[in-house]
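Peer 1: Next come a sequence and a model predicted from it.
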Amino acid sequence: MAEEEVISPTRALVSSPRTDRPRQLAAAALSLSSPRAARAVLSAGKRFYKTDFYAVFPPPENPDIFTEIREDVHAQKKKVANVPYSLAAMRQLSPFIDDTIDLLASRLTEFCPAATGVMTPGGGVSGTARGGHVDLGAWLHYFAFDVLGEVAFSRSFGFLAAGLDVEHAIRTIDEMQRYNGIVGQIPEVDYLLRRNPLWKWVPALDPSNALITRIAIEEMDKRRPFGGEKSGLGGGDANDDVGMLGGAGGEGRRDLLASLIKGHLKEGSGFSEGDVFAVAHGAIFAGSDSTASTMQSFFHQVLSSPRVHASLTAEIEEAVRTGAIAAEGNVEWTEAQALPYFQACLKEAMRVRPAVGLNITRRVPPEGVEIEGQFFRGGTRVALNGWVLHRDRDVFGQDADIFRPERWLEDEEEARTMERYMFQFGGGSHVCIGRNLALLEINKVIPRLLRDFKFELMYPNRELKAKATFFVVQEGLEVYIEKKSSAKA
Ligand code: HEM
C-alpha cells in the first residue's frame, strides 16, 4: 500500500477526502470508502468473516446471530432463525403490530390541542396556536421496543403505556452498546472489564436484572416444558412451516420465541436452548435502536424540507382520496408499497442517515484478495461504513450529500444501481435478519401518522443529537403536533 498514513478511525470516516483509496485505520486495518469494494467484501461466499469486534457484544458464552463470529456455527443458527423472520411470518404477526400502532396513535392524540386543551402527558402545554408539542423521537423509540416485545414474546414491554423509559431499560441498552462499541475496538480489554468474574458481585452490573433480559427469562420459563401447549407449539408439528403452524405462544400466537423453540425441537443441539434465548433476546438489542433511529431520521429529514414534506403529504392525501390507502385505521404493507414518493423518502433517509454508525468490520480471507486493482493481504481488517459509502458521488450523484428523494424516481436504471450500493442493512451472509420486520412496521406506521397528524419541527434549524454506539442513537426530534380534521380514528 503506497503512502500509508496512520490516522484515527473517527478522522478517517469523518474527514477523509473523497477518494476510493483505502484509508489506514491502524496496523492491518483499512477503511474502504468505495461502494463497489464494499459490495465485494459483503457478498455471500467471498469469505470475509466477522472480526472479533462482534464477540464483545454479550452474551459471549452464548453468541446470537449478530455476535457469533464462527461462520459455520452462525450459518446453522441463521438457518433456523430465517424461518420466523421471513416476510410471510412477519406479516402473520401484523395484527399485533397494528395494535401497537393504534396505541401509539392514541397516545400521540393526547398531545394534540383538541384532545385536552391542558397539560399534555409529556408536560407540554397543548392548545397553543401551533398545536401541542411532543418529543416524537422518544415515542418512536417506545414504539419500536413495544413492537419487538409483541413480536418476540407476545407481550408489550409497556413503554407506550407508561409513556416513559420504564426502568431506564432503553438507557441501559444504550449504555451497553456504547461499551460494546468502544471496547470492541480492543476486544482484549473486555476480559479486564465485563468478562472479569468480579463484575458478577455487583448487582447493578448483572445483566439478568435488566427489564428486557428479565422478561426474556420469564417468557422462556413460562413455556417450559418445550413442546407442550405452553411453549406455543401445541397442535403443531415440529416439521411444519410457518404457514401451517398450529398453536402459538402468548395468547395463542406463534411469536418469535415459539418459532425458535420449534427450531430447537427440530435441530436439537444444533440449535440449543441457549441459542433460543440468545436469538430472541438479541433481537431486542439489534432491532430497537436501529428501527427507532431510522424512523427518527425519516421524520427529521422530511420535516426539515418544506418541499419534501408538502409533496409527501400530497401523495398520502391523494392516496386516501382515491382509496389507494385506507382513510382510517391501519395502513397495509401493500398499500404503503403503492406510495412511490414515500418509498423514495424512506430510501433517502436510510441513505443519508443509516442506522448503523460504527464500522462494519471484516477480515480478508487468508490467501489475500484483489479488489478494484488493489491487493489486500490475508488477515487485514477492513472497515465499511454506510455514512461514507452512501455519499459516493459516482453512484448517488454530485449532490449525494443532500437529502433529495427525487433521485430515486428520476431514472429506473440509476435507481437500480443505487439500490445495489445501499448498505443500511449490511450484506452477504450477515445481512440484517430483521429487515423484513423493520420495513413492515415502518411502512405501516409512518404513512398512518402522516395521514392522521400534522407535524412541524419545533426547532427547524437544529440537528438531531446523535451518538454512534453501534447504532446511531438520536435525540431531539421535538415537534408541534395536531390531529388532522380528516383523521377518523
Ligand atoms: C431499520 C432497522 C434496522 C437496520 C437499519 C438494521 C441494520 C443492520 C445491519 C447494518 C446489520 C449488519 C451488521 C454487520 O454486519 O455488522 C444488521 C444485522 C442484524 N440485524 Fe438488523 N437492522 C435493523 C433492524 C433489525 C431488527 C428489527 C432486528 C431483529 C428483530 C435485527 C436483527 C439483526 C441481527 C440478528 C443481525 C445480525 C445478522 C447476521 O449477522 O447474520 N435488525 N442489521
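Peer 2: Perfect, I can see it now. From a predicted model like this one, the values you see are computed outputs, not experimental measurements. Residues are numbered from 1 along each chain as shown.
Peer 1: Residues contacting the host helix or strand of residue 106, please?
Peer 2: For residue 106, the host element (DSSP states H and E) is helix 94-109. Residues from elsewhere that reach helix 94-109, judged by CB atoms under 8 Å, 6 or more residues apart in numbering: 115, 121, 134, 136, 139, 142-143, 146-147, 150-151, 154, 156, 160-161, 163, 253, 330, 333, 440-441, 444-445, 448-449, 452-453, 481, 483, 489. C-beta coordinates here come from the backbone N, C-alpha and C atoms, glycine included.
Peer 1: What values do phi and psi take at the residue in the chain positioned nearest to the ligand?
Peer 2: Per CB to the nearest ligand atom, residue 434 is where the chain lies closest to the ligand, at 2.0 Å. Phi and psi for residue 434, reported as degrees, to the nearest 10, are phi -90, psi 10.
Peer 1: Number the chain from 53, please
Peer 2: Okay, residue one is now 53; in that scheme the one you just asked about reads as residue 486.
Peer 1: surely it meets residue 339?
Peer 2: Yes: in terms of CB atoms under 8 Å, residue 486 counts as a neighbour of residue 339; the distance is 4.6 Å.
Peer 1: near the ligand, which residues of this protein?
Peer 2: 117-118, 130, 200, 334-335, 338-339, 342-343, 346, 407-408, 412, 476-478, 482, 484-486, 489-490 (CB under 6 Å from any ligand atom).
Peer 1: Now the residue most central in space within the chain: closest residue in space that isn't a chain neighbour?
Peer 2: With distances taken as CA atoms, centre = their mean, the residue of the chain nearest its centroid is residue 342 (2.7 Å). Among residues not flanking residue 342 along the chain, residue 407 sits closest, at 4.4 Å (CB to CB, 6 or more residues apart in numbering).
Peer 1: What count of nearby residues applies to the one you found?
Peer 2: Using other CB atoms under 10 Å, residue 407 has 26 neighbouring residues.
Peer 1: Enumerate every residue touching it.
Peer 2: For residue 407, the contact set (CB under 8 Å, 6+ apart) comprises 341, 342, 343, 345, 346, 349, 476, 523, 524.
Peer 1: about what we covered before: inside strands: which ones of the contacts of helix 146-161?
Peer 2: Here DSSP state E is the test, and the contacts of helix 146-161 give 186, 505, 533, 535 as lying in strands.
Peer 1: Which pLDDT value goes with the residue nearest to the first one when sequence neighbours are not counted?
Peer 2: In other words, residue 186. Distances taken as CB to CB, 6+ apart put residue 163 closest to residue 186, at 4.2 Å, once the chain neighbours are dropped. At residue 163, the predicted lDDT confidence score is 96.
Peer 1: pLDDT weak spots in the chain?
Peer 2: 53-73, 76-80, 111, 166-182, 247, 250-261, 280-304, 540-541 (pLDDT under 70).
Peer 1: Which residue ranges of it form strands?
Peer 2: 75-78, 81-83, 101-102, 184-187, 412-415, 421-423, 426-428, 433-436, 505-509, 517-520, 524-527, 530-535.
Peer 1: burial count for residue 365?
Peer 2: 17.
Peer 1: which ones are touching it?
Peer 2: So residue 365 contacts residue 502 (CB under 8 Å, 6+ apart).
Peer 1: Return the distance of it relative to residue 511.
Peer 2: Plainly put, residue 365 is 20 Å away from residue 511 if you go by CB to CB, to the nearest Å.
Peer 1: ditto for residue 240
Peer 2: 43 Å.
Peer 1: what's around residue 402, how many residues?
Peer 2: Per other CB under 10 Å, the neighbour tally for residue 402 reads 22.
Peer 1: Identify the residues contacting the residue nearest to it when sequence neighbours are not counted.
Peer 2: Distances taken as CB to CB, 6+ apart place residue 476 nearest to residue 402, at 4.1 Å, with adjacent residues excluded. By CB under 8 Å, 6+ apart, residue 476 lies in contact with 346, 402, 403, 406, 407, 408, 438, 442.
Peer 1: Residue 231 now?
Peer 2: Residue 231 makes contact with 245, 246 under the criterion CB under 8 Å, 6+ apart.
Peer 1: do residue 196 as well
Peer 2: 339, 340, 341, 343, 344, 347, 493.
Peer 1: ok so, going back, is it true that the residue nearest to the centre of the chain touches residue 406?
Peer 2: No: using CB under 8 Å as the test, residue 342 is too far from residue 406 to be in contact (9.5 Å).
Peer 1: Identify the single longest helix in this structure, thanks.
Peer 2: Longest helix in the chain, counting residues (DSSP state H): helix 325-356.
Peer 1: Show me what counts as buried in that helix.
Peer 2: For helix 325-356, a neighbour-count test (16 or more other CB atoms under 10 Å) marks 327-356 as buried.
Peer 1: before we move on, back to that, quick one: which two of the contacts of residue 196 are the most distant?
Peer 2: Largest separation among those by CB to CB: 341 and 493, giving 14.0 Å.
Peer 1: tell me which residues in stretch 493-500 are buried?
Peer 2: Residues 493, 494, 495, 496, 497, 498, 499, 500 are the ones in stretch 493-500 that count as buried (16+ other CB under 10 Å).
Peer 1: Looking at the contacts of residue 407, spot the one nearest residue 451.
Peer 2: So of these, ranked by how close each gets to residue 451 (CB to CB), first place is residue 349, at 18.1 Å.
Peer 1: how close does that closest one sit to residue 438?
Peer 2: 12 Å.
Peer 1: Neighbours of residue 517, how many?
Peer 2: Look at residue 517: counted by other CB under 10 Å, it has 11 neighbours.
Peer 1: And residue 158, by the same measure?
Peer 2: That count, for residue 158 with other CB under 10 Å as the rule, works out to 12.
Peer 1: got it, and residue 371?
Peer 2: When neighbours are defined as other CB under 10 Å, residue 371 has 22 of them.
Peer 1: Which residue is the nearest non-sequential neighbour of it?
Peer 2: Spatial nearest neighbour of residue 371, excluding adjacent residues (CB to CB, 6+ apart): residue 377 at 4.4 Å.
Peer 1: from what I can see the one you found touches residue 387, true?
Peer 2: Yes: the criterion here is CB under 8 Å, and residue 377 meets it with residue 387 at 4.3 Å.
Peer 1: Which one of these two is surrounded by more residues?
Peer 2: Per other CB under 10 Å, whichever of residue 377 and residue 387 has more neighbours is residue 377, with 24 against 18.
Peer 1: between the longest helix of the chain and strand 505-509, how many degrees?
Peer 2: Counting by axes from the mean of the first three to the mean of the last three CA atoms, to 10 degrees, helix 325-356 lies at 80 degrees to strand 505-509.
Peer 1: and the angle from helix 325-356 to strand 530-535?
Peer 2: For helix 325-356 against strand 530-535, the angle by the same axes, to 10 degrees is 80 degrees.
Peer 1: Please tell me how far helix 325-356 is from the chain's geometric centre.
Peer 2: 3 Å (CA atoms, centre = their mean, to the nearest Å).
Peer 1: before we move on, back to that, near the residue nearest to residue 186, how many residues? Count them for me, please.
Peer 2: A total of 26 residues lie near residue 163 under the criterion other CB under 10 Å.
Peer 1: same question, residue 243
Peer 2: Using other CB under 10 Å, residue 243 has 11 neighbouring residues.
Peer 1: For stretch 242-250, buried residues please.
Peer 2: If you call a residue buried by 16+ other CB under 10 Å, then stretch 242-250 has these buried ones: 242, 246.
Peer 1: Please apply the same query to stretch 418-429.
Peer 2: 421, 423, 426, 428.
Peer 1: doesn't residue 86 make contact with the third one?
Peer 2: What it means is residue 426. No: with contact defined as CB under 8 Å, residue 426 does not count as touching residue 86 (9.7 Å).
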